[in-house]
Every structure is written in structure tokens, then in C-alpha cells.
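Engineer: below is the structure, and that's it, no one-letter string:
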């Protein structure tokens, strides 16, 4: 059993702390009877308030769902403390906190679930339907905690949104920013969307390119008059073809953005 959690007990106060670090379940909990049972047994070894420290990139949706449910069902208060990162499935676990706190340097990230699939068109349609249902189940947890409407939450997931502590608090994903002290006049609430960033970058690239000047095909009146008898009117030569740097540059930018998405 590959444990990604660790319990620490304060011998003086009896307070228990649960540390969730790294990937939440290297292997899926779907069909796993041993690992979830071990986690539940250790969780229920006491009934006093606990603190859950999270620093995780996420992981298995089934494992996150079971941990979320176990923490929600715990008989005492659960304080979630995001020390560094609560991304993807880890953000779902964080929603189980009676109180969710974030370090001022911590980040939270929400996005759409993904999976691997193979087969024919019907198999792909089934995979899409499965992902849609998984997304709805994740939105359930976010909605209970934040009180936001489902469409807004769905939009945040579509955009793969990164939030600093103050932005997460503003949206209701967390309740308190640690070490905050007195409230300053302004807080920097920041969230980042990868798709919005791509669009903004492309708009800036295109705006910086020189506009193409249209080539006039009209012949001046003086040149269009009939040539004197016995003389040959020179045929105007076509302007030399010039490369189209704007299109080339935009193409290169698109290629770079494709690499940045992975």
C-alpha cells in the first residue's frame, strides 16, 4: 500500500493533524478495498477535532471523493490548512473542511476532469458522458462550500483557474488567509486562466504585426491614354512578390502556444 497521508499527534494536547502530500493515490481507488479502509480506520481512531494539511497536485477522483465524504462524515470539526497547493482533486478534498485556511503564498486550482479512453465512436461518447457526470459531482462539492451558482463554477473549471489565497477567499473556496493580522486597505485577489492567457497573448501578437497595405491595380490616367502612332507602350512590370511575415509570425506563435498547453 502506497500511503500519501501521514498522521501526527501532539502528545501534549492530543490534537491530531493529517498531512496529505503529493499525489492523492498513485493508483485508482476504484475497486481498491484495502487502501480506503486503512485511511478510514486511521481517521476514525479518534473523535477530536483534526487539522488537515494539504500540499498536493491532485490525483484520483474516486480517492478524492471518498476522502471528502469521510471528512464530511467525521463527528468533530475538520480544519483544512492549504500550506502550498491544493490543485485538481486536492481542491475537492479541501472543500470538506469545517473551516478552510490558506497560507498567503498558497494556490488553489480547479479544472475539468480528464481520462484515457480507447474504442469506437460509441466508446468515446460514453467516455464524454462519464466525464460530464464526474464534473457535475465535483461541482456539487464546490457549490456546497462556496454557494456559487453551478454555471459560474463550471466556467472556472473550463478555464483551468488558478487562485491565490485572497481570490479563493473572495470566491468562497477558503474562509481565512493565515498570518493575515490587520486588514490592509487593499488585497491582491488574483486568479489565472490558461485559456484567457492564450487568447490575450495571441491578440497582443497580432496587434504588434504591421498591417498589410492593399496593392492598387488602377492605372493612372496619363498612362492609360493612347500611345503615339508608331511607338510601343512599355508594359508595366509587376511589383516583386514579398514574403508575408505577419502570417509566418502568427503561425510560429500558434506553434509555441500549442507546446505551452502541455
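Structural biologist: Alright, I've got the coordinates. Note that the structure is predicted; figures quoted are calculated from it, not measured. Residues are numbered from 1 along each chain as shown.

Engineer: now the helices for the chain?
Structural biologist: 35-43, 61-72, 89-94, 121-146, 150-158, 165-171, 194-208, 221-224, 245-260 (DSSP state H).

Engineer: mean pLDDT lowest for which of these?
Structural biologist: Lowest mean pLDDT within the helices of the chain: helix 245-260, at a mean of 37.

Engineer: so how far does stretch 93-112 reach from one end to the other?
Structural biologist: End-to-end span of stretch 93-112 (CA to CA, to the nearest Å): 15 Å.

Engineer: flag every buried residue along that stretch.
Structural biologist: 93-97, 100-103, 106-111 (16 or more other CB atoms under 10 Å). In this view, the C-beta of every residue, glycine as well, is placed from N, C-alpha and C.

Engineer: could you do stretch 75-94 as well?
Structural biologist: 78-94.

Engineer: could you find the closest non-adjacent residue to residue 103?
Structural biologist: Of all residues not flanking residue 103 in the chain, residue 178 sits nearest, at 5.2 Å (CB to CB, 6 or more residues apart in numbering).

Engineer: was I right about the one you found contacting residue 100?
Structural biologist: No: counting by CB atoms under 8 Å, residue 178 stays clear of residue 100, with 10.9 Å between them.

Engineer: number of nearby residues for residue 150?
Structural biologist: With neighbours defined by other CB atoms under 10 Å, the count for residue 150 comes to 12.

Engineer: same question but for residue 55, I mixed them up
Structural biologist: So residue 55, with other CB under 10 Å, has 18 neighbours.

Engineer: bridging residues for it?
Structural biologist: residue 21 (DSSP bridges).

Engineer: what residues are up against it?
Structural biologist: Residues in contact with residue 55 (CB atoms under 8 Å, 6 or more residues apart in numbering) are 19, 20, 21, 22, 82, 83, 84, 85, 86.

Engineer: one more time with 6 Å
Structural biologist: 21, 83, 84, 85 (CB atoms under 6 Å, 6 or more residues apart in numbering).

Engineer: next, the distance between the ends of stretch 115-125.
Structural biologist: End to end - CA to CA - stretch 115-125 spans 13 Å.

Engineer: and what of stretch 94-107?
Structural biologist: 12 Å.

Engineer: re the thing from before, from the buried residues of stretch 93-112, which two are the most distant?
Structural biologist: 101 and 111 (22.4 Å; CB to CB).
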